[in-house]
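> sequence and predicted structure are below.
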2 protein chains.
Amino acid sequence: MLDKVDLNRKLPREEYKAFMRGLENRLGELQREARGLGIPVIIVFEGWDAAGKGTMINRLLISLDPRGFTVHPVNPPNEEELFRPFLWRFWTKTPGRGRIAIFDRSWYGRVLVARIEKIVKPKVWKRAFDEIRSFERQLSDDGAVIIKFFLHISRDEQKKRFKKLQKNKATAWKVTEDDWRSHRAYDSYLAAIEEMLERTDTKYAPWTIVEAHDRRYASVKVFKTVISRIENKLKTSTQDDKGDTGPVKKQSEILLTSTLEQTDLSLSMNREEYEQALDKYQKRVRELEHEAYVKRVPVVIVYEGWDAAGKGGNIRRLVQKMDPRGYEVIPVAVPNDIEKAHHYLWRFWMQVPKAGHIAIFDRSWYGRVLVERVEGFASEDEWKRAFHEINEMEEQWTNFGAVLLKFWLHIGKEEQLNRFEKRQKNDYKKWKITEEDWRNREKWDPYLQAVDEMLLRTSTSYAPWHVVESNSKLYARIKVLKLFVKNLEQKLSA
Amino acid sequence: MLDKVDLNRKLPREEYKAFMRGLENRLGELQREARGLGIPVIIVFEGWDAAGKGTMINRLLISLDPRGFTVHPVNPPNEEELFRPFLWRFWTKTPGRGRIAIFDRSWYGRVLVARIEKIVKPKVWKRAFDEIRSFERQLSDDGAVIIKFFLHISRDEQKKRFKKLQKNKATAWKVTEDDWRSHRAYDSYLAAIEEMLERTDTKYAPWTIVEAHDRRYASVKVFKTVISRIENKLKTSTQDDKGDTGPVKKQSEILLTSTLEQTDLSLSMNREEYEQALDKYQKRVRELEHEAYVKRVPVVIVYEGWDAAGKGGNIRRLVQKMDPRGYEVIPVAVPNDIEKAHHYLWRFWMQVPKAGHIAIFDRSWYGRVLVERVEGFASEDEWKRAFHEINEMEEQWTNFGAVLLKFWLHIGKEEQLNRFEKRQKNDYKKWKITEEDWRNREKWDPYLQAVDEMLLRTSTSYAPWHVVESNSKLYARIKVLKLFVKNLEQKLSA
């Protein structure tokens, strides 16, 4: 999930101040409402050293009635704790109904520091994923709201912050030799964090990644997330009780974590360079297709992207020199009656390529969290559940040995308009543009939000998303070819 | 779970015939109703070779409209199947809305035959538990009813059936060398089956163990289970739609799998033998208490049982010679306000003994599935969820290294009456008997059903239940002492 995070997000001071006043008041109100309804709230802060967990917790506390919360700083376990099952010290600290418990670090230490520093055996931290999921599910089933933050900073930013602390005599003691050792192990921690996020990002206890380079941005995101999670819970609780939404106000919009806004759409390629690269990579693709066949590696390619982003042309260039016996392009449209009568993943399971074959999906199961979400064809419960369901499916496929490549073909809103208009003027391409395309275009923003969340929640270590800058079609085609070659070579040489 | 199954259950022919007519008609009705509501039904038959899966499936089919179901015999995977992720061949066979799919063997082959015969690596079958749970959860979330049967026969019974088949020329071909090899590996299979049942017995897809020595008994149990599961689903579906229970009739009672009825309550012990044994085992208990302290093994003892079964006196004998610094007896009554404000397991997590110490619970977390279930203090959803939650907790404790011993002190209904009356006549013991005891006694049958299901669903390889025959208090005390000694010795020598 972290590969899809834009750490450069900032919030200007004025905007921040304007935001915060409202957020603080709202949070105070919600604390009182949650107390009234007896809802326990658990807030977990995890994150890199020097990412600002302490500051963030203090910021949050200002708005809360101190009689209603407890902060639990989590240190290495003491003897009392070591002599009991690992979750004991957290179970005993779960909040009573109507109370808030804030954890400064948490049970996730078991799969982070204890794993990396080899404090526990692999068997033990591996088991902890199950234990943690069971813990959080049991509490959530019992009515608790569980909000988990991971405060993310880059390796460079961490170094900068450590150095700054060291320079100042008043804070130099805060940076220890251990901290520097962890810093040097940044990449090992990063891999462990990714695995933690993947294995414990559930519907009942989802993670929120906080871009923590800018403190103002981070604070607003934390406040908005807490507010929206509690509001949602109040909405369902009061619905259960009274059948209406009661006094609860409209859900605050969470700040977008747009991975797409950082896309450099100016990237392009001239025709000459393109022709050369095309020839070179297409030949290599054919070789790799054969090699994958011999080694019985199944390959799954997913194309998603905006209307008119150039999926069709891109796919044609990918398969142009392939042996047609080895691949299949599968266009995905509205499900037919038989497909509708099954689980939405059923029709994609039907299409799993045989080992050694390549399946190229022109649109895919991601429709569930894109068009079905935005158009309301899937209920909120259904599309929220889908992130985890899709990850489970993709993990099973890659565990089996498949290579899974997912491309999001990205273009700007302006570029789309140009392409739509050009198509309409061209008699041969007119058929390609329909009323529906224009209607979808009007929903650009809700789609953008859906795409963003999809990229964040389903970009996994086993099946990451690749955003393909597609304002230049030539550039986009070569990028896909290169990624195909690189990933297949990696897999086949392993 | 299999250790709590009484394989001697039988149904006389007349009773069977009377039952079956009604069951067959009802099943036909339900198939039509489920089709109308678009509910997919998945029925899985697993079980020992020669346990009668085929016969049972044929029996079931007679009542069904053949246009509405498909039977899938599951053989070793063919090439098409081997070349795709393991669940592919089952996903593609999931039934459409309103249809029934019956699996003769299933995806569980992955954790049974493929495990025992080493067809797949340990990494692969271990991962399969996650994959299977995810598969079943996804289908259930999508509205499917999943009914899983395990047809159980003893090793001797299997041998008898194989021999009978071999004797008859017409059936001799059915018993292969492979079958005999599997038979010789009965114990390895048994352990794998137990683990399978433990890891995949979920609220959304629970297992039903079918005692398959008697075909009539087994048929009725299969029919009743299928009927009751579909009725329950229809009830919730129609509630969702129309807010009332619609045309659905009262849920059939499932045949009790009473482990308690096989208890031999005539077991007893004379005073002399008792005094000798008491002295011997109590001394050994004290030694073991010390040894457990030195080796830092935590011990958890759970006492549950009928009112007046003698829990108090039994506990006193267990601890009589123990060092009081090493153990604690924890009486469990109605939760107080603070406990009520938390998850029901919270107060027991609070009491986890420190490594090296012994906690003896006089009543326990099992109240959730006993008194809270019978008296309606917990909702059906809550107590059904609790079996899995409790197993998760106990597994975490034993994974940590704890010894967990669970005793059900069992007495007959008559014996309870005798004891109640005796207490009432005795001025010193009068206080022990209250109005509530008499009220509970009137609910003997619902309690019996709750106890039975508890013993079945929470008797696990890591924390099995021990039923203690307690009509003779002397016998019961020595049995508990012996079990304590045996289990501690086992753990401490490991």
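Okay, I see it. Numbering: from 1, shown residues only, chains lettered A, B, ... in the order given.
> now the element after the helix or strand hosting A:E436, going C-ward?
Taking DSSP states H and E as the criterion, A:E436 maps to helix A:435-442. Downstream of helix A:435-442, the next assigned helix or strand under DSSP H and E is helix A:444-458.
> what mean pLDDT does that following helix have?
On average, the pLDDT along helix A:444-458 is 92.
> which elements pack onto it?
In terms of contacts (3 or more Cβ pairs under 8 Å, 6 or more residues apart in numbering or on different chains; DSSP states H and E), helix A:444-458 is packed against helix A:371-374, helix A:380-400, strand A:403-410, strand A:465-469. Where C-beta positions appear, they are placed from N, C-alpha and C, glycine not excepted.
> how far does that helix sit from the chain's center?
Remark: helix A:444-458 is offset 9 Å from the chain centroid, using Cα atoms, centre = their mean, to the nearest Å.
> list the contacts of A:V5.
A:V5 is in contact with A:152, A:209, A:211, A:257, A:259, A:456, counting by Cβ atoms under 8 Å, 6 or more residues apart in numbering or on different chains.
> what do you get for A:I43?
By Cβ under 8 Å, 6+ apart, the residues touching A:I43 are A:60, A:100-103, A:147-149, A:226.
> tell me the domain ranges of chain A?
Following the assignment in automatic domain parsing, chain A carries domains at A:2-242, A:271-493.
> can you tell which of the ones you listed is closest to B:L165?
Judged by Cβ to Cβ, the one of the domains of chain A that comes nearest to B:L165 is domain A:271-493, at 37.7 Å.
> list the buried ones in stretch A:446-459?
Within stretch A:446-459, the residues that count as buried by 16 or more other Cβ atoms under 10 Å in any protein chain shown are A:447-459.
> could you save the residues you listed as TSV and add columns showing distance to B:E81?
Output for those, formatted as TSV (distance: Cβ to Cβ, whole Å):
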residue	distance to B:E81
A:Y447	38
A:L448	41
A:Q449	40
A:A450	35
A:V451	35
A:D452	38
A:E453	35
A:M454	31
A:L455	33
A:L456	35
A:R457	31
A:T458	27
A:S459	30
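> doesn't A:I301 make contact with A:F484?
Yes - under the contact definition of Cβ atoms under 8 Å, A:F484 touches A:I301, with a separation of 7.4 Å.
> which of the two has more residues huddled nearby?
Per other Cβ atoms under 10 Å in any protein chain shown, whichever of A:F484 and A:I301 has more neighbours is A:I301, with 26 against 22.
> so the more buried one, which of the three states?
strand (DSSP: H, G, I helix; E, B strand; the rest coil).
> shaky segments in the stretch 251-400 of chain A?
Applying pLDDT under 70 to the stretch 251-400 of chain A flags residues A:251-258.
> got the residues of it near chain B?
By Cβ under 8 Å from any Cβ of the partner chain, the residues of the stretch 251-400 of chain A that approach chain B are A:296, A:298, A:338, A:341-346, A:349-350, A:352-356, A:385, A:389, A:392, A:396-397, A:399-400.
> could I have the buried ones of those residues as PyMOL selection syntax?
In PyMOL, a selection of the buried entries from those looks like this (16+ other Cβ under 10 Å):
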select buried, chain A and resi 298+341+342+343+344+345+346+349+352+353+354+355+356+385+389+392+396+397+399+400
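> and stretch A:313-321, how far from the chain's centre?
Worked out by Cα atoms, centre = their mean, stretch A:313-321 lies 29 Å from the chain centre.
> now do that stretch: everything it contacts.
So stretch A:313-321 is contacted by A:278, A:282-283, A:285-286, A:301, A:303, A:327, A:329, A:360, A:362, A:407, A:409, A:468, A:470, A:473, A:476-477, A:480-481, A:484 (Cβ under 8 Å, 6+ apart).
> could you redo the last one with a cut-off of 10 Å?
A:274, A:278-279, A:281-287, A:289, A:301, A:303, A:305, A:310, A:326-329, A:331, A:358, A:360-362, A:407, A:409, A:468, A:470, A:473-474, A:476-481, A:484 (Cβ atoms under 10 Å, 6 or more residues apart in numbering or on different chains).
> coming back round to it: and the two most separated of the contacts of A:V5?
A:H152 and A:T259 (12.9 Å).
> picking up where we left off before, which elements pack onto the helix holding A:E436?
If contacts are counted by 3 or more Cβ pairs under 10 Å, 6 or more residues apart in numbering or on different chains; DSSP states H and E, helix A:435-442 sits against helix A:413-425.
> list the buried ones in the helix it packs on?
Going by 16+ other Cβ under 10 Å, helix A:413-425 has these buried residues: A:415-416, A:419-420, A:423.
> would you mind writing the CA trace of it as CSV?
The C-alpha trace of helix A:413-425 is given here as CSV (Å, rounded to 0.1, in the frame of the first residue of the first chain):
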residue,chain,number,x,y,z
LYS,A,413,-9.5,15.3,-17.8
GLU,A,414,-8.6,17.7,-20.6
GLU,A,415,-6.9,15.1,-22.6
GLN,A,416,-10.0,12.9,-22.4
LEU,A,417,-12.2,15.8,-23.7
ASN,A,418,-9.8,16.3,-26.6
ARG,A,419,-10.0,12.6,-27.5
PHE,A,420,-13.8,12.5,-27.1
GLU,A,421,-14.2,15.5,-29.5
LYS,A,422,-11.7,14.2,-32.0
ARG,A,423,-13.6,10.9,-32.1
GLN,A,424,-16.9,12.5,-32.6
LYS,A,425,-15.5,14.5,-35.6
